[in-house]
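S.K.: Predicted model and sequence follow; I will ask about them next.
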Amino acid sequence: QAYNCLIHFYKRLNRVHLLSLVCTLVEHTERVVRHCMDQECGVGEVPSLPRVLPKILITTFSYLGRGEIIATTDLLKAELANCFSKSRNLMALFLGLVEEKKIRTVLEDELDILVSLCSELVSFHQVVIPLDFKLTCMVWRVYVKLTSTHKTRLDLTQATEVISSELCGQLAKFRQMLENSKDEGIGKLMAKVVYLLKLLISLGSTTACVGECPSFLSLLLEMVRGLPSLPPWIPEAHRQKIVNEVMSVSVKHSLLNMAATQSFIDFLLHFFTPSHSVKQLLLAKPFLSLQLVVQLLLLRPGQEDQLLLLCFHLLSSAGFCLEQRQSLEGRQIMGKSITMVDNYTWVLINLCSWVSSISPDQFSMVEKVLISTLLNPSSSPLTCMMVSDIWCFLARYGTSQLCLAHLTLLSSIRLKLKQSSFSLPLLMTNLLMDRLTNFLSPSDLSTWQSHAEPRPDLDQLPTLSSAAAARCLLLAARTNLDMLAIVVRDTWRRLVEGAYRPAERLTSLRLVMALTEATMVVVDSLSTKDLACLLEHMGTVARVGQYKQFLLVCLLKVVRVVARTVEVQVREQLVGLVRIVASRCEVA
């Protein structure tokens, strides 16, 4: 009531007298605490003391935190300083009493007092840390002792959230300080960060310390992000403290182990719950979130198939981040130094490392995740490429029989997809199947080809449909190269003679892509005259086809191959083709 009078009626009341009254009340409260200490009273004998005194102190320090607004005269400043000194002494005395007294948790009333007291101790942090950091450390020391001694019914997630939120704020201040050109209290700030990190890690010894903790998730993302390069003006002692005690591998590993608990994983997987706050947190920093989930996946915390699915969802949102020029540490190979890799490679090698050591039961779940991601229309092309690379990793280091089984499965899935229109899942499935055939043993390759759709002969190419012609060209590109060169040359000529116009359809896209791949295979075997005619025909098809984007991309692939060993006789045709493509790109 005295504080309410000071805040709301300070214009009509003598605030100096009221502050003097507060100091007197604090002194009387201190005598009560000392009496309890002298009489060796337990918390059960004086239950009002641990129930009421923390609330009094929290209110006191909350008011003292507004001292700059209230203290308008020197006399008021002196009274406020005196009040803070007496309140700090009372706080220290109370903490000593709580630390010494035994709490019999077998008694329901004393257990309730313990639960309430621990909650109040956590609440002290916000009001005390702006005033006295040492007093804050005393509060946390008592809290750690109580929670480590009595673990029944205690909710430690509240403390984890408070400390994590404070650490995020301190790290944000540190980033601002790094932008300045001089040391302005950076040593004190680092001391706070180091203490709070050690405090948080000490709480991590209890599995129930992390649950639905948004601030702890934000702290993990900050630790994954790291700090920018330290400017030269930072003293060497502070530099070593930052490297060894703040951003060290051991600190990050300890925090990740705290996160690798069932309760926190459940919190992360609420990403798949519509409108949940964790989804906003993760998507706000998609690549940092992707790095965090990948590192948690490597710790095998459970529900790993769902974590893998979460990785692919984040990858679809963080595609632009993988194009940034950033280098991350690759995985350690025995006997070799760690090499720096790009973002995409970092994600790929870590996911492959996890996949290579999973159990047979987990492998079947991974297969389901890979298939569902590949067939998901919302998956980005980059995500589908990641899925394909992981599948090729399995084929490369697995058995040929496993690769054949995957091809058979993908073939049955492809038959159920709509073939008449373009879709990314269908395109990526076809590309993946073409890649997987390269990992089959000769006997399994023969088995696969015998069960696959019949392969038409190159002589039948003019009579085939666009889809069948594309399939024929792709298969011929791997076998009959002599005959293929003649067919490729004649096909481009016939397209020109028939005024072929590529359309925005999947069948037309497949035909042009297959013809392009076959052309790149045989282009080196063509004579100078045939190569010149080929380039001229390609330019004509581009003009007649109204410069479709996919057609221009395919032509550029051929140009790149021809340009490696370009002859003087075909340079003019090559330059003309490049000009055609470039002019249409400028228009687009």
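M.R.: Sure, I can see it. Because the structure is a prediction, the values reported are computed rather than measured. Residues are numbered from 1 along each chain as shown.
S.K.: show me the residues around the closest residue in space to R239 that isn't next to it in sequence that make contact.
M.R.: The shortest distance from R239 to any residue other than its chain neighbours is 5.8 Å, reached at L230 (C-beta to C-beta, 6 or more residues apart in numbering). C-betas here are computed from N, CA, C, even on glycine. Counting by C-beta atoms under 8 Å, 6 or more residues apart in numbering, L230 touches L178, R239, I242.
S.K.: Could you tell me how far L230 is located from R175?
M.R.: 11 Å (C-beta to C-beta, to the nearest Å).
S.K.: Take the contacts of L230 and keep only those in helices.
M.R.: Taking DSSP state H, the ones among these that sit in helices are L178, R239.
S.K.: Please spell out the segments of the stretch 301-450 of the chain that come in under the pLDDT threshold.
M.R.: The stretch 301-450 of the chain contains residues with pLDDT under 70 at 319-325, 419-422.
S.K.: Most neighbours out of the contacts of L230, which is it?
M.R.: I242 (19 neighbours; other C-beta atoms under 10 Å).
S.K.: show me what contacts that one?
M.R.: I242 sits next to M190, L227, L230, I234 when contact means C-beta under 8 Å, 6+ apart.
S.K.: mind listing what the second one touches?
M.R.: Taking C-beta under 8 Å, 6+ apart as the contact definition, L227 lies against L171, F174, R175, L178, I242, V246, M247.
S.K.: What count of nearby residues applies to V139?
M.R.: Applying other C-beta under 10 Å, we find 23 residues neighbouring V139.
S.K.: Now, the contacts of L227 that are in strands?
M.R.: Judged by DSSP state E, these include no members of strands.
S.K.: Buried subset of the residues you listed as a ChimeraX selection?
M.R.: Of these, the buried ones can be selected in ChimeraX as follows, counting by 16 or more other C-beta atoms under 10 Å:
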select :171,174,242,246
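S.K.: From the contacts of L227, which one has the minimum pLDDT?
M.R.: When the contacts of L227 are sorted by pLDDT, the bottom entry is L178 at 82.
S.K.: Output the contacts of L227 in JSON lines, with distance to S446 appended to each entry.
M.R.: JSON lines is the format used below for these (distance: C-beta to C-beta, whole Å):
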{"residue": "L171", "distance to S446": "60"}
{"residue": "F174", "distance to S446": "64"}
{"residue": "R175", "distance to S446": "61"}
{"residue": "L178", "distance to S446": "63"}
{"residue": "I242", "distance to S446": "61"}
{"residue": "V246", "distance to S446": "60"}
{"residue": "M247", "distance to S446": "55"}
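S.K.: Low-confidence ranges, the stretch 451-588 of the chain, go.
M.R.: Low-confidence segments of the stretch 451-588 of the chain (pLDDT under 70): 452-482, 498-510, 545-551, 564-574, 576-588.
S.K.: Would you map the strands across the stretch 51-200 of the chain?
M.R.: Assigned by DSSP state E, counting those that start in this stretch, the stretch 51-200 of the chain shows no strands.
S.K.: before we move on, what about the stretch 301-450 of the chain?
M.R.: 328-329, 340-341.
S.K.: Mean neighbour count, those strands: which tops it?
M.R.: Among the strands of the stretch 301-450 of the chain, strand 340-341 has the highest mean neighbour count (mean count of other C-beta atoms under 10 Å), at a mean of 14.
S.K.: Need the residues that contact that one.
M.R.: With C-beta under 8 Å, 6+ apart as the test, strand 340-341 has contacts from S327, L328, E329, G330, I349.
S.K.: run the last query once more with 7 Å
M.R.: Strand 340-341 has contacts (C-beta atoms under 7 Å, 6 or more residues apart in numbering) with S327, L328, E329, G330.
S.K.: list the contacts for the last one?
M.R.: Meaning G330. I338, T339, M340, V341, W346, I349 are the contacts of G330 under C-beta under 7 Å, 6+ apart.
S.K.: In the stretch 151-300 of the chain, where is pLDDT below threshold?
M.R.: Per-residue confidence for the stretch 151-300 of the chain (pLDDT under 70) gives these ranges: 152, 181-183.
S.K.: How about V98, nearest residue that isn't a chain neighbour?
M.R.: Among residues not flanking V98 along the chain, V142 sits closest, at 5.8 Å (C-beta to C-beta, 6+ apart).
S.K.: Give the burial count for the one you found, as a bare number.
M.R.: Using other C-beta under 10 Å, V142 has 19 other residues around it.
S.K.: Let me see the contact set for the spatially closest residue to N376 that is not a sequence neighbour.
M.R.: Of all residues not flanking N376 in the chain, P425 sits nearest, at 7.3 Å (C-beta to C-beta, 6+ apart). Contact partners of P425, counting by C-beta under 7 Å, 6+ apart, are L374, L375, P377, L417.
S.K.: one more time with 10 Å
M.R.: By C-beta atoms under 10 Å, 6 or more residues apart in numbering, P425 lies in contact with T373, L374, L375, N376, P377, S379, C384, I413, R414, L417, K418.
S.K.: For M483, give its distance to S215.
M.R.: Here M483 is placed at a distance of 67 Å from S215 (C-beta to C-beta).
S.K.: my bad, should have said Q326
M.R.: Distance, Q326 to S215, using C-beta to C-beta: 26 Å.
S.K.: The two: which is more packed in?
M.R.: Under the criterion of other C-beta under 10 Å, the comparison of Q326 against S215 puts S215 first, with 18 against 13.
S.K.: buried residues in the helix or strand the more buried one falls within?
M.R.: Using DSSP states H and E, the element containing S215 is helix 214-225. Neighbour-count burial for helix 214-225 flags S215, F216, L217, S218, L219, L220, L221, E222, M223, V224 (criterion: 16+ other C-beta under 10 Å).
S.K.: any chance of those residues in CSV, with distance to H451 too?
M.R.: Shown next, in CSV, are the buried residues of helix 214-225 (distance: C-beta to C-beta, whole Å):
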residue, distance to H451
S215, 56
F216, 52
L217, 49
S218, 53
L219, 54
L220, 48
L221, 48
E222, 53
M223, 51
V224, 47
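S.K.: So which of those residues is the closest to L111?
M.R.: Nearest to L111 among the buried residues of helix 214-225: F216, at 26.5 Å, using C-beta to C-beta.
S.K.: thought that closest one was touching F267?
M.R.: Yes - counting by C-beta atoms under 10 Å, F267 is a contact partner of F216 at 9.2 Å.
S.K.: which neighbours do those two share?
M.R.: Common contact partners of F216 and F267 (C-beta under 10 Å, 6+ apart): T157, V210, A259.
S.K.: Which of the residues you listed sits closest to D112?
M.R.: Nearest to D112 out of the shared contacts of F216 and F267 is T157 (C-beta to C-beta; 19.0 Å).
S.K.: show me the contacts for the closest one.
M.R.: T157 is in contact with L203, A208, C209, V210, G211, E212, C213, F216, S263, F264, F267, counting by C-beta under 10 Å, 6+ apart.
S.K.: What is the most widely separated pair among the residues you listed?
M.R.: L203 and F267 (16.8 Å).
S.K.: ok, Q306 to T160 distance?
M.R.: Distance from Q306 to T160, by C-beta to C-beta: 23 Å.
S.K.: From the contacts of P425, keep the buried residues only.
M.R.: When these are checked for burial by 16+ other C-beta under 10 Å, the buried set is T373, L374, L375, N376, S379, C384, I413.
S.K.: I'd say the last one and T429 touch.
M.R.: It stands for I413. Yes - using C-beta under 10 Å, I413 is in contact with T429, at 6.8 Å.
S.K.: overlap in contacts of those two?
M.R.: Common neighbours of I413 and T429 (criterion: C-beta under 10 Å, 6+ apart): I371, L374, L375.
S.K.: How about the contacts made by the first one?
M.R.: The reference is to I371. Counting by C-beta under 10 Å, 6+ apart, I371 has contacts V387, W391, H406, L409, L410, I413, T429.
S.K.: and the residue nearest to the third one when sequence neighbours are not counted, what does it touch?
M.R.: This points to H406. Leaving aside its sequence neighbours, H406 sits nearest to L436 (C-beta to C-beta, 6+ apart; 6.3 Å). Contacts for L436 (C-beta under 10 Å, 6+ apart) come out as S388, W391, C392, L394, A395, R396, C403, L404, H406, L407, L410, W448.
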